[in-house]
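Visitor: Fold the following.
(4 chains)
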4 protein chains.
Amino acid sequence: MEPTTPERESLSGWRRRWHEIIFESDTPAGRAFDLALIASILASVGLVMLESVDGLEAGYGAALRVGEWFFTILFTVEYAMRLLCVVRPWKYVFSWLGMIDLLAIVPTYLGVLLPGAHVLISLRTLRLLRIFRILKLANYLKEAEVLRRALVASQPKITVFLLAIAALVTVIGSLMYVIEGPENGFTNIPVGIYWAIVTLTTVGFGDITPKTLPGQLFASLVMILGYAIIAVPTGIVTAEMTRRTPDREEPVSTQCCMACSAGGHDADARFCKYCGAPL
Amino acid sequence: MEPTTPERESLSGWRRRWHEIIFESDTPAGRAFDLALIASILASVGLVMLESVDGLEAGYGAALRVGEWFFTILFTVEYAMRLLCVVRPWKYVFSWLGMIDLLAIVPTYLGVLLPGAHVLISLRTLRLLRIFRILKLANYLKEAEVLRRALVASQPKITVFLLAIAALVTVIGSLMYVIEGPENGFTNIPVGIYWAIVTLTTVGFGDITPKTLPGQLFASLVMILGYAIIAVPTGIVTAEMTRRTPDREEPVSTQCCMACSAGGHDADARFCKYCGAPL
Amino acid sequence: MEPTTPERESLSGWRRRWHEIIFESDTPAGRAFDLALIASILASVGLVMLESVDGLEAGYGAALRVGEWFFTILFTVEYAMRLLCVVRPWKYVFSWLGMIDLLAIVPTYLGVLLPGAHVLISLRTLRLLRIFRILKLANYLKEAEVLRRALVASQPKITVFLLAIAALVTVIGSLMYVIEGPENGFTNIPVGIYWAIVTLTTVGFGDITPKTLPGQLFASLVMILGYAIIAVPTGIVTAEMTRRTPDREEPVSTQCCMACSAGGHDADARFCKYCGAPL
Amino acid sequence: MEPTTPERESLSGWRRRWHEIIFESDTPAGRAFDLALIASILASVGLVMLESVDGLEAGYGAALRVGEWFFTILFTVEYAMRLLCVVRPWKYVFSWLGMIDLLAIVPTYLGVLLPGAHVLISLRTLRLLRIFRILKLANYLKEAEVLRRALVASQPKITVFLLAIAALVTVIGSLMYVIEGPENGFTNIPVGIYWAIVTLTTVGFGDITPKTLPGQLFASLVMILGYAIIAVPTGIVTAEMTRRTPDREEPVSTQCCMACSAGGHDADARFCKYCGAPL
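Guide: Purely as a prediction, here's the structure:
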């Protein structure tokens, strides 16, 4: 998404330094920028939340408005700086994070022209997703990495699983629409599918429920099916994680070969497996 | 369900070629047919959904009707072709997939005579189940196979589990009917069983809930029981999947040391780790 | 609960034969009795269900009444026979299964005197629990055994877990009672505890929900806690089952020692580990 | 939190003995004190519950009041004793358990002055948390230890997971607030976040539900996401527990063959399985 280190070479002096600060986090300045960014994202999200509460909006409207403009201008400056010191600005603009960064500042400006557009300021919370990126950078926190890898490794199985679920809920939703009909709240097939998803995932809002005996019978079957199905994604991820968690702390020898200085020998090895020298 | 390859030999020239296209997917034509079939099933399901939405039905009724007839005729032609080029047509007609294929075209014709029967057109979504079959064929996608095998292997355990659950929910439902009674929504034992299933599976619609203190106490016990029970199907499938997932991808070499004949060397080992002789 | 085989010896001829038929299932007659018993339990449970449905009660009241008396007399005869051919009748009467057997016949007789007591006939469904006993006998169905053992082995962990949950829901329920108060549906602490259980188990009926912001905040914490906690019973049982499922089909040698005929040798064994003779 | 054994040495005679009784549980007196404490906590919690039930409060108000004062005075004495025989009283006062102990007695006294403060007596149930501490001491019950260790070991992974969830629900809640708006129950962003948590954790109260088609579509995505996500904490804890549960109880002998010095013999082996020499 962003230029890799070799590409950075093509940037001139100050742009390269700024790039290091804004896009990377292995220098003290970069780390400080990241922390400041997280802090202002959290503060602006808190502000957006307060703004959405009716009572507060009435009492502290002016203060909240000032805060909103403060963060809008701050984020606008940040956006401009990112554009300036990146090698390929358009690539950044059309990246996911770039679009979210833009989305965080546009609604305030738009709100001047169209008052209705102001509600979109809530989209600013999407910037919280940057935290994932910063977490990803933080792979010294090894745990996030294990989690991420287990999920990535499970992805093909989960995709097959989701496809099957998609077909299943469509069939269940249609059958329920036929069984219960619009008079019992199943007004159309999409609503039936929504009900099927609510039920299969065991969320069970209860806003739409079967009223007739055949409907309740079918719903019971669906729920028991869901009960059996819920085991599947859990099993997939768990199997991955069990595999990845070292089974027991295998006594890997810390010994290095004196001849070729290769490591990673088994605990019971008496000769280097790469050069044959005695350990 | 459908004739195996040796049986196909008994078909005459063009029927054999069509059989290959329609029922199999290992030729380019067969694969293309499968893709076209999935596309038209998805399109017709989309159409059925749109038709069920009240607002759209009013505005675009004519267009939707044309679309419905288009797919009905398409599927009728497909059904006829399947009948023509299969060795034992009756076996296909009474197979699950055959009945679903028929169910997908009958309601439109029936709707001409009985307007009420038209709602059954929603059953067309059942054809989505064919996707499972095509997924099954796609076992180059190894993941679906692992999933399927883990489920099949878990089947006896899951059957015992479902039987126990069936007995349990009947008992719970009856007790709840005695405790709460018809005046609190538990109008009869089947409703009580429906409630028990809704609760044990942690779906919890909330359309029927205990109102008395003894009822709430009993419901609490049922929920905690359900909490403990939900672990069981998960445990069953996970244990199966953990067993099936290779423990780690260790490329253990089958090479033995020529000098001391010790085995178990790592794949990258070039010298015996026990005696230092070259491998 | 019932006399073991040696005790059976103390029974006279016909009582011993009947005991074999009624209480055991390793003879053809015993097996037939078990099947007939399951069939009549299922039929009587079905009848009780139909009886509880208002509409049917009105239409087929007489037929249902006849059926009820038929099964009551059948079960009374069975109960009498069990009493006759058991070594220690009182032990049977006060066993769990004995009390359920009695509970299944008393309400019909009682209903003659007190019409209100008739609703207790629903307790007859408790006899379904006998199916568990018959399943237990069926340990040729090895799966039930694995399941049972994994649950038994997990029991101490699950007990600790349930104790912790009991303390937790009491604390959560009380806090919620203080935060939301009777005006928002949390009329007393037991209701608060009921809500805490409904929420922690992710059932979520929605009959009682937090209305105030602090209440919703606290509820959010409880739900996330429940989300983390749900992993625990699953983890406990899964770990047990994974351990019990053979990790891979270990190539256990089927070789027997020719000298001492002991089996169970490892696949790589060249000498009998018990007597030292070459294999 | 409390003085370790060496520190106890600094206490004078009777204080040291009391300390042993009150804070420790390895003497008969200490164990008896713990049991008496649990009993009185359970009794006082039962009393608080009864007090909160409206009907009982009216009928048995006087008796309940007497009981409350009895436990208040008992706990006050216990609190004073703890203060007296602890080395650093202030450390105890400001510890979690110390604050809970104080919180359990203050409301009754406060209730004399401010009648409204009496509802806080429900906070006495927090003392149930002491049971956790006593459970912790009970590490002869090895199971609690395994559970605790698995949870502690999973903590970093769970922390990363909870952070990600926090960011996710904020984003989902804001999007839902934009999609559905205040007219459909999503009155502000905190309410949207509350709904997101209710949905993602599959609790699904149903007090707030999407009404529009886009809202239901988005909710469906959130639910399926939650379905996939629920696998993660389960996977984390299960992987930990599987690792910790000994794989099988193989009593592997540490004996080596005297003749060929091969190891890995079974515990019941009497002869070397490789060379046949007696072990």
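Visitor: can you give me the helices for the stretch 51-200 of chain A?
Guide: A:54-84, A:89-93, A:96-103, A:106-113, A:130-137, A:142-180, A:189-200 (DSSP state H, counting those that start in this stretch).
Visitor: Where does pLDDT dip in the stretch 1-150 of chain A?
Guide: Across the stretch 1-150 of chain A, residues meeting the criterion (pLDDT under 70) sit at A:1-11, A:25, A:57, A:132-148.
Visitor: circling back: want to throw the helices of the stretch 51-200 of chain A into CSV with mean neighbour count?
Guide: All C-beta spots, glycine's among them, are computed from the backbone N, C-alpha and C. Written out in CSV, the entries for the helices of the stretch 51-200 of chain A read as follows (neighbours: other Cβ atoms under 10 Å in any protein chain shown):
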stretch, mean neighbour count
helix A:54-84, 14
helix A:89-93, 14
helix A:96-103, 16
helix A:106-113, 15
helix A:130-137, 16
helix A:142-180, 19
helix A:189-200, 25
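Visitor: For A:Met241, find the nearest of the ones you listed.
Guide: Distances from A:Met241 to each of those were compared using Cβ to Cβ; the shortest belongs to helix A:142-180, at 4.8 Å.
Visitor: what's the offset of that closest one from the middle of its chain?
Guide: What separates the centre of helix A:142-180 from the centre of its chain is 17 Å, taken as Cα atoms, centre = their mean, to the nearest Å.
Visitor: my guess is A:Leu83 contacts A:Val93, does it?
Guide: Yes: at 7.4 Å, A:Leu83 counts as touching A:Val93 under the criterion of Cβ atoms under 8 Å.
Visitor: which residues are common contacts for the two?
Guide: Overlap between the neighbourhoods of A:Leu83 and A:Val93 is empty, taking contacts as Cβ atoms under 8 Å, 6 or more residues apart in numbering or on different chains.
Visitor: could the helices of the stretch 51-200 of chain A go into JSON lines alongside distance to C:Phe205?
Guide: Shown next, in JSON lines, are the helices of the stretch 51-200 of chain A (distance: least, Cβ to Cβ, whole Å):
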{"stretch": "helix A:54-84", "distance to C:Phe205": "29"}
{"stretch": "helix A:89-93", "distance to C:Phe205": "48"}
{"stretch": "helix A:96-103", "distance to C:Phe205": "37"}
{"stretch": "helix A:106-113", "distance to C:Phe205": "38"}
{"stretch": "helix A:130-137", "distance to C:Phe205": "34"}
{"stretch": "helix A:142-180", "distance to C:Phe205": "21"}
{"stretch": "helix A:189-200", "distance to C:Phe205": "14"}
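Visitor: Out of the ones you listed, flag the one nearest chain C.
Guide: Proximity to chain C, assessed across the helices of the stretch 51-200 of chain A by Cβ to the nearest Cβ, is greatest for helix A:54-84 (10.1 Å).
Visitor: ok, the closest one near chain D or not?
Guide: Yes: Helix A:54-84 comes into contact with chain D (Cβ under 8 Å from any Cβ of the partner chain), by way of A:Asp54.
Visitor: and that helix, what other elements does it pack with?
Guide: Contact here means 3 or more Cβ pairs under 8 Å, 6 or more residues apart in numbering or on different chains; DSSP states H and E; on that basis helix A:54-84 packs against helix A:13-23, helix A:28-52, helix A:89-93, helix A:96-103, helix A:106-113.
Visitor: That one vs helix A:96-103, what angle?
Guide: For helix A:54-84 against helix A:96-103, the angle between stretch directions is 130 degrees (axes from the mean of the first three to the mean of the last three Cα atoms, to 10 degrees).
Visitor: related to what we said a few turns ago, tell me which of the helices and strands packed on helix A:54-84 lies nearest to chain D.
Guide: Going through those one by one, with Cβ to the nearest Cβ as the measure, helix A:28-52 comes closest at 4.0 Å.
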